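1. Here is a sequence together with a model predicted from it:
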Amino acid sequence: MYIPKRYGQSRVDSCPFCRKTATTKNKQQVPVCYAHKTSILKDLTCFCGDYLELKDGKFGIYFNCTNCGNINIKKALEMNPELGEEPKTEEKTESKPKES
């Protein structure tokens, strides 16, 4: 029995920090939820020990390892389970004049 795809359900991005539906992108162009808009995806490592380079392609973000090749985001997040614990946020350094 053929079940046709419904509009908008063929690709659903999830936030890498909390696994909710991603509605916006952060400065790294990673799809995230609104609560993690200022969060930065830290450097992820591959099984071989190399760092994964973040890439953005036609079908979404993916990672590239120099030894293993291209890795999708789902596998990269499975390799780094410590990501969901505490997201790193970008710090703003604004100097306000002190009122004396």
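-> Perfect, I can see it now.
2. so Asp50 touches Asn67, yeah?
-> Yes. Judged on Cβ atoms under 8 Å, Asp50 makes contact with Asn67 at a distance of 5.6 Å. Every residue, glycine included, has its C-beta placed from N, CA and C.
3. The two: who's more crowded?
-> Asp50 (13 against 9; other Cβ atoms under 10 Å).
4. Now do the contacts for that one.
-> 65-68 (Cβ atoms under 8 Å, 6 or more residues apart in numbering).
5. farthest pair in those?
-> Thr66 and Cys68 (8.0 Å; Cβ to Cβ).
6. If you count surrounding residues, which of those two has more?
-> The residue with more neighbours, out of Thr66 and Cys68, is Cys68; 14 against 11, by other Cβ under 10 Å.
7. Turn the contacts of Asp50 into CSV, columns for secondary structure.
-> Formatted as CSV, the contacts of Asp50 follow (DSSP: H, G, I helix; E, B strand; the rest coil):
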residue, secondary structure
Cys65, strand
Thr66, coil
Asn67, coil
Cys68, coil
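8. how about Leu77, secondary structure?
-> helix.
9. count of neighbours near it?
-> Neighbours around Leu77, by other Cβ under 10 Å: 19.
10. So for it, what's the pLDDT?
-> We have a pLDDT of 86 for Leu77.
11. From what I see, it and Pro16 are in contact.
-> Yes. With contact defined as Cβ under 8 Å, Leu77 reaches Pro16; the gap is 5.7 Å.
12. what is in contact with the two at once?
-> In contact with both Leu77 and Pro16: Leu83, using Cβ under 8 Å, 6+ apart.
13. packing partners for the helix or strand where Asn70 lies?
-> If you go by DSSP states H and E, Asn70 is part of strand 69-72. Judged by 3 or more Cβ pairs under 8 Å, 6 or more residues apart in numbering; DSSP states H and E, strand 69-72 is in contact with strand 60-65.
14. Mind listing what's buried along the strand it packs on?
-> Going by neighbour count (16 or more other Cβ atoms under 10 Å), the buried part of strand 60-65 is 61-63, 65.
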